[in-house]
Structures are given as C-alpha cells and as structure tokens.
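In: following is a predicted model, sequence given first.
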Amino acid sequence: AKERLAYAGERTVVFVDEIHRFNKAQQDAFLPHVENGTITLVGATTENPSFAVNAALLSRCKVFRLESLTDDDLVLLLRRALSDAPQGLGERGLEADDDALLALARSAKGDARRALASLEALADYVDGRDEHRITVEAVAAGLERAPLLYDKAGEEHYNVVSAFIKSMRGSDPDAAVYWMMRMLGAGDDPLFVLRRMLIFASEDVGLADPRALVVVNAADQAFRRMGMPEGLYPLAHAALYLACAPKSNAVMGAWQKAKALIDEHGALPVPLKLRNATTGLMRQEGYGAGYRYAHDYEGGVVPGETYLPERLVGEELYTPSGHGEEARVAARLAALRGTAPSRVAPMGAAPMGAASVSAPRPGAAPMGVASVSGPRPGVAPPGGASADAASEGVAPPGVASADAAPSEAASGTSGASPRSVEESLRDAVKARGDR
C-alpha cells in the first residue's frame with residue numbers, strides 16, 4: 001500500500017467485515033496507517049460502533065448507519081433473483097405468488113441476505129416436490145420460524161430491556177407485556193426479567209403502592225414453583241401490575257441524598273441521647289441522656305425531637321410524592337414536621353386543673369395535684385404529692401414550689417407554676433435516664 005501510494009499515487013482500500021470481532025490490539029494496528037493516509041479503512045459491523053470499535057479508531061472514521069430494507073425493497077430483490085439467470089435462479093424457471101414473496105420478505109425482517117438464503121431454500125423445496133411455483137403454503141411449510149433479532153450480550157438486549165422498563169414507568173401495560181414477551185421469546189432468562197421488576201417495584205413505584213414489591217416477590221416465588229410455560233402467568237401479572245401502579249421515585253431520592261451526605265460529611269458521631277447505655281460508665285458519660293420514648297407521646301411521636309447527627313439536623317432526605325398511597329404519607333409527614341403534638345398519659349388525659357406528665361407505667365394524679373411519675377408506679381393520695389413527684393421537686397396542692405416566683409408563692413396559688421413544671425419535667429427525664 002505504501003509503494004502504490006508513493007509510486008503510482010493510488011490509495012488502497014481495506015475492507016474489514018465484522019470488524020467488531022477484532023480485539024483492541026488488532027484494531028489499534030490500523031491507526032498509524034489510517035492517520036498517514038496509507039489506507040482507507042472500511043469496516044462493517046452489526047454491532048453498535050460505540051461499543052464495538054475502539055474510541056481512537058472510531059474518532060478517525062465516519063460512521064454510516066445502514067437501515068433495514070423495507071418489505072417492498074425485499075420483494076423487488078427477490079423477484080430480481082428469480083429472473084436473473086446468470087447469478088440467480090432464472091434457469092430453474094420458477095414463478096412466485098405476490099403473497100408468497102411478501103411473506104418471505106416479512107420473515108427476513110429487513111435482512112436481504114436472509115431473504116435470498118430463504119428463497120434459495122424454498123426453490124430447492126419446490127423442486128423436490130416437482131413443482132414450479134412458490135406459494136404461501138410452500139413458504140409456511142418450507143421455512144422454519146425466523147429467530148428474533150436479539151443478542152443477550154449485545155446492544156439489542158439492552159434496547160429491549162430499556163423499552164420494557166420505560167414502558168412500565170410510563171404506565172403503558174400493553175407495551176410492558178409486549179416487550180417482556182420479546183425478551184422471553186428471544187431466550188432471555190425469566191429470572192433476569194423478575195429481577196428487573198423487583199428493582200422497578202422499589203425504584204419507580206415505592207411507597208406510592210407498597211404492595212407492588214409484595215406482588216413481584218410473590219410472582220418470583222410462584223415462577224420458581226411453576227416453571228415454564230405456566231410461569232408466564234405470574235410474570236405477566238407482575239408486569240401489568242407495575243405498569244398500572246402509581247409511580248414515585250422518592251425511595252431512590254432518599255437513599256441517594258443520604259449517600260451524598262455521608263460522602264460529604266463522613267461518619268458523623270451518633271448523638272449521645274441515641275446511644276445505647278448498657279453499662280454504668282456509659283451512663284456516666286451521658287449515653288442515652290435526654291432520650292424520650294416515642295410511645296409515651298401522643299401519636300407515638302416526640303414533638304420537636306431530632307434523630308439525625310447534629311450537623312445534619314433540618315435535612316430532609318425523603319420527599320414523598322403526591323401519587324397513590326404516598327399522598328397520605330406526604331400529609332402525615334407534613335403534619336409531623338410542622339406540628340408538635342402534646343404528650344398524654346397512657347391511661348387517659350389528666351383532669352382539668354392538673355398538670356400531668358405521663359410515665360412509662362400507669363399512674364395519674366388526682367385533681368389539683370401536679371405529678372411527674374417516676375420509674376415505679378404510684379398514685380398520690382388526694383391532697384398530697386406522690387413520693388416520686390416530691391423527689392423531683394414538684395409541690396403539692398396549695399403549696400408554692402421553691403422554684404416559683406415570689407409573687408406566686410405569696411399568693412398561695414394551688415399547683416406548680418408553668419416554670420416549675422417545665423423544670424421538673426427536665427429533671428424527671430434526666431433522673432429516669434440516670435436510673
């Protein structure tokens with residue numbers, strides 16, 4: 001090629017069919033000769049060049065996409081092959097019905113080479129029956145079903161998988177079950193399809209329909225018991241359910257935001273109130289101090305409590321959509337994040353005029369008695385403060401607390417002042433944590 005270019009000024013064209021079968025080193029061998037113009041490289045491939053051809057070589061080439069032939073084009077090609085004596089089947093004197101050629105063209109799926117090979121096989125089939133005409137019946141009898149265009153390791157596999165997932169995400173059950181059957185009909189593993197649906201149930205449906213994950217998991221178990229072909233029922237069942245379900249990607253958003261915060265801030269320390277105080281030394285160090293038991297509060301929620309690391313307080317990782325069941329989740333979270341429900345006694349609300357703070361064990365103070373119950377159950381008698389309450393500094397009825405303002409103590413107001421109740425509450429929680 002170099003000599004021809006140097007002495008005759010002629011360039012050499014190198015045609016490489018199925019160039020994707022060349023490995024990286026073999027493709028790289030063309031680079032210097034393509035760059036200096038010694039050769040003009042023409043490569044043909046049935047794969048996506050972005051995946052099959054090295055980036056360095058691809059950047060020095062121009063890509064032409066050859067589309068599949070239409071049915072009309074293939075019929076014209078087949079008629080030409082039947083009439084061409086030197087290079088075709090013209091010497092056999094065969095005729096063909098229009099419907100037969102159209103059926104043959106459709107079975108080729110746009111591939112001229114497949115159409116010509118099928119025509120030649122049909123010609124042999126007809127000759128063997130001492131016939132001279134190709135009919136639709138002959139096409140049906142003489143040709144086996146053409147395999148679907150599908151390569152489980154190539155581009156078409158990922159194209160069909162993408163179409164399947166996007167059809168479910170777009171809430172199109174018709175397209176979803178079609179693409180699913182395309183995958184299965186081409187020999188894809190049904191367990192792979194089920195795995196994709198399991199991922200989809202959390203990624204694209206989530207809490208908008210929490211039953212979706214249960215349905216797909218049940219379909220997976222049913223398929224493993226049934227096998228094929230009956231296993232197509234739970235497969236189709238799951239695909240149709242996912243396509244018709246309301247959609248939300250809030251689950252994906254939540255864990256991605258959490259991961260981003262971890263990547264940004266690293267392993268932030270666990271707040272002391274959330275740590276597990278299993279030894280006396282840990283309790284002395286403040287482990288578990290200030291922790292408030294959620295079930296002691298109205299609705300099972302501690303008003304104003306936070307559970308994230310201190311540097312992340314205020315971050316919202318989960319943002320529910322307004323779709324399906326998640327609309328109710330969104331309404332509940334809005335109420336929890338924006339309101340502070342009051343704490344109530346487990347056995348019922350305190351009577352009017354009494355300030356009551358509930359404890360883990362039942363025990364309500366009588367009317368006119370302010371009580372902060374301790375770890376042991378006990379109800380104060382009428383007119384007196386309970387022993388536990390007294391130990392925490394809560395004054396009995398008719399006696400001003402030591403923490404009250406002087407004006408309040410002089411007035412002889414019955415019950416603890418708001419300030420004394422608040423401080424007593426903090427002292428009680430601290431004392432209970434120490435115990």
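Out: In hand now; what should we look at?
In: tell me who's in contact with the spatially closest residue to residue 115 that is not a sequence neighbour.
Out: With Cβ to Cβ, 6 or more residues apart in numbering as the criterion, residue 115 has its nearest non-adjacent residue at 3.7 Å, and that residue is residue 108. Backbone N, C-alpha and C define where each C-beta goes, glycine included. Residue 108 makes contact with 74, 114-115, 118, 146, according to Cβ atoms under 8 Å, 6 or more residues apart in numbering.
In: would you mind measuring from residue 108 to residue 60?
Out: Relative to residue 60, residue 108 is positioned 34 Å away (criterion: Cβ to Cβ, to the nearest Å).
In: and what of residue 287?
Out: The separation that residue 287 has from residue 60, given Cβ to Cβ, amounts to 66 Å.
In: more neighbours: the two, which one.
Out: With other Cβ atoms under 10 Å as the criterion, residue 287 and residue 60 differ in neighbour count, and residue 287 comes out ahead with 19 against 12.
In: state whether the more buried one is indeed within a helix.
Out: No. Inclusion of residue 287 in a helix is not indicated when DSSP: H, G, I helix; E, B strand; the rest coil is applied; the result is coil.
In: please verify my assumption that residue 258 contacts residue 317.
Out: Yes. With contact defined as Cβ atoms under 8 Å, residue 258 counts as touching residue 317 (5.2 Å).
In: residue 15 - how many residues pack around it?
Out: A total of 10 residues lie near residue 15 under the criterion other Cβ under 10 Å.
In: regarding it, what is its secondary structure?
Out: Look at residue 15: counting by three-state DSSP, its state is strand.
In: what about the nearest residue to it once chain neighbours are set aside, distance to residue 236?
Out: Once flanking residues are discounted, residue 15 sits nearest to residue 42: 4.6 Å by Cβ to Cβ, 6+ apart. Distance, residue 42 to residue 236, using Cβ to Cβ: 46 Å.
In: ok, now which ones touch the residue nearest the centre of the chain?
Out: For the chain, the residue sitting closest to the mean C-alpha position, by Cα atoms, centre = their mean, is residue 203 at 2.0 Å. Going by Cβ under 8 Å, 6+ apart, residue 203 touches 249, 251-252.
In: for residue 180, see how far away it is.
Out: Residue 203 sits at a distance of 17 Å from residue 180 (criterion: Cβ to Cβ).
In: just residue 304 next, same as before
Out: Separation of residue 304 from residue 180 (Cβ to Cβ): 49 Å.
In: the two: who's more crowded?
Out: residue 180 (28 against 7).
In: where in the chain is pLDDT low?
Out: Counting by pLDDT under 70, the low-confidence segments of the chain come to 142-155, 339-435.
In: what is the neighbour count of the closest residue in space to residue 173 that isn't next to it in sequence?
Out: Of all residues beyond its chain neighbours, the one nearest residue 173 is residue 243 (4.0 Å), with distances taken as Cβ to Cβ, 6+ apart. Other residues near residue 243 come to 22 when the count uses other Cβ under 10 Å.
In: and what of residue 321?
Out: The local packing count at residue 321 equals 18, with neighbours defined by other Cβ under 10 Å.
In: gap between it and residue 249?
Out: Using Cβ to Cβ, we find residue 321 at a distance of 8 Å from residue 249.
In: just residue 175 next, same as before
Out: Applying Cβ to Cβ, the value for residue 175 to residue 249 is 20 Å.
In: and residue 82, by the same measure?
Out: Applying Cβ to Cβ, the value for residue 82 to residue 249 is 56 Å.
In: so these two - more neighbours on which side?
Out: Set side by side, residue 82 and residue 249 give different neighbour counts by other Cβ under 10 Å, the larger being at residue 82 (19 against 16).
In: residues contacting residue 34?
Out: Contact criterion Cβ under 8 Å, 6+ apart gives 40-41, 57, 60-61 as the residues in contact with residue 34.
In: redo that, cut-off 10 Å
Out: Residues counted as contacts of residue 34 (Cβ atoms under 10 Å, 6 or more residues apart in numbering) are 14, 40-41, 56-57, 60-61.
In: out of these, who's the most crowded?
Out: Using other Cβ under 10 Å as the contact criterion, the top neighbour count among those goes to residue 57, which has 20 neighbours.
In: just checking, that residue touches residue 19?
Out: Yes. Judged on Cβ atoms under 10 Å, residue 57 makes contact with residue 19 at a distance of 8.9 Å.
In: what touches both of the two?
Out: Each of 27, 30, 41, 43, 49 lies in contact with both residue 57 and residue 19 under the rule Cβ under 10 Å, 6+ apart.
In: circling back to that earlier point, any idea how far the residue nearest to the centre of the chain is from residue 263?
Out: The spacing between residue 203 and residue 263, counted by Cβ to Cβ, is 20 Å.
In: so what's the residue count around residue 225?
Out: When counting by other Cβ under 10 Å, one arrives at 9 neighbours for residue 225.
In: the one 10 residues further on too?
Out: The criterion is other Cβ under 10 Å. On that basis, residue 235 has 25 neighbouring residues.
In: please identify the helix or strand for it.
Out: Element membership for residue 235, per DSSP states H and E: helix 232-244.
In: which element follows that helix toward the C-terminus?
Out: helix 250-265.
In: please save the CA atoms from that next one in PDB.
Out: The C-alpha trace of helix 250-265 is given here as PDB (Å, rounded to 0.1, in the frame of the first residue of the first chain):
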ATOM      1  CA  ALA A 250     -38.900   9.100  46.200                       C
ATOM      2  CA  VAL A 251     -37.200   5.900  47.600                       C
ATOM      3  CA  MET A 252     -34.300   6.300  45.200                       C
ATOM      4  CA  GLY A 253     -34.100  10.000  46.000                       C
ATOM      5  CA  ALA A 254     -33.900   9.300  49.700                       C
ATOM      6  CA  TRP A 255     -31.000   6.900  49.700                       C
ATOM      7  CA  GLN A 256     -29.100   8.900  47.100                       C
ATOM      8  CA  LYS A 257     -29.400  12.100  49.300                       C
ATOM      9  CA  ALA A 258     -28.300  10.000  52.300                       C
ATOM     10  CA  LYS A 259     -25.300   8.700  50.500                       C
ATOM     11  CA  ALA A 260     -24.400  12.200  49.300                       C
ATOM     12  CA  LEU A 261     -24.400  13.500  52.900                       C
ATOM     13  CA  ILE A 262     -22.200  10.600  54.000                       C
ATOM     14  CA  ASP A 263     -19.800  11.200  51.200                       C
ATOM     15  CA  GLU A 264     -19.700  14.900  52.100                       C
ATOM     16  CA  HIS A 265     -19.500  14.800  55.900                       C
END
